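**Student:** Show me how the following folds:
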Amino acid sequence: MRIWLLVSVLFVSFTAINADAFKFPFGGEDGPSKRAKRLYREGRSAYGSANYSKTVQLATDAIKEYPEYAKAYSLRGKAKKDLGDIDNAVKDVNKALKLDPKLGEAYNIRAQVSEIMGEMDKAAADYKKACASGYREACQ
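**Tutor:** Purely as a prediction, here's the structure:
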């Protein structure tokens, strides 16, 4: 009985001290939090209303909440592109693609930026990647 009690106390103490060491493949921190997803959705809505500055702020807040949120980087890059902040748009879209190389929307945005910069070969390559990733708008 004493051994069982000792083992239980040690286990509880160990898990309390090292709780962050345990990462399970289900639930928990495997993706954006509800708050980050809400901020992202609000950012998409702001973008749809052509409120690009608000879109940038909401996407930034989503990224602060979950720094590996590829879609939020892509959205922020899209809004920055429309604000004329081309250099930072490219940085955000490249970060999105680093986090999620299959994110077709990010390839599409980068293709649009390449067109703005007059780099038509790069644009064509990214449109092709966007289409191959299932982003239908790029397949035209």
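**Student:** Would you mind measuring from residue 131 to residue 67?
**Tutor:** 29 Å (C-beta to C-beta, to the nearest Å). In this view, the C-beta of every residue, glycine as well, is placed from N, C-alpha and C.
**Student:** quick one: which of these two has more around it?
**Tutor:** Residue environment comparison for residue 131 versus residue 67 gives the larger neighbour count to residue 131, 18 against 12, counting by other C-beta atoms under 10 Å.
**Student:** OK, contacts around that one?
**Tutor:** Each residue near residue 131 by C-beta atoms under 8 Å, 6 or more residues apart in numbering is listed here: 104, 138, 139.
**Student:** Go through the residues you listed and flag which are in helices.
**Tutor:** Restricting these to those inside helices, with DSSP state H as the criterion, leaves residue 104.
**Student:** Among the contacts of residue 131, filter down to the buried ones and hand me the PyMOL syntax, if you would.
**Tutor:** Here is the PyMOL command that picks out the buried ones among those, judged by 16 or more other C-beta atoms under 10 Å:
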select buried, resi 104+138
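**Student:** which one among the contacts of residue 131 gets closest to residue 124?
**Tutor:** Using C-beta to C-beta, residue 138 comes nearest to residue 124 of the contacts of residue 131, at 10.4 Å.
**Student:** Count residues in the vicinity of the closest residue to that closest one other than its chain neighbours, would you?
**Tutor:** Closest residue to residue 138 apart from its sequence neighbours, by C-beta to C-beta, 6 or more residues apart in numbering: residue 130 at 3.4 Å. By the criterion of other C-beta under 10 Å, residue 130 has 24 neighbours.
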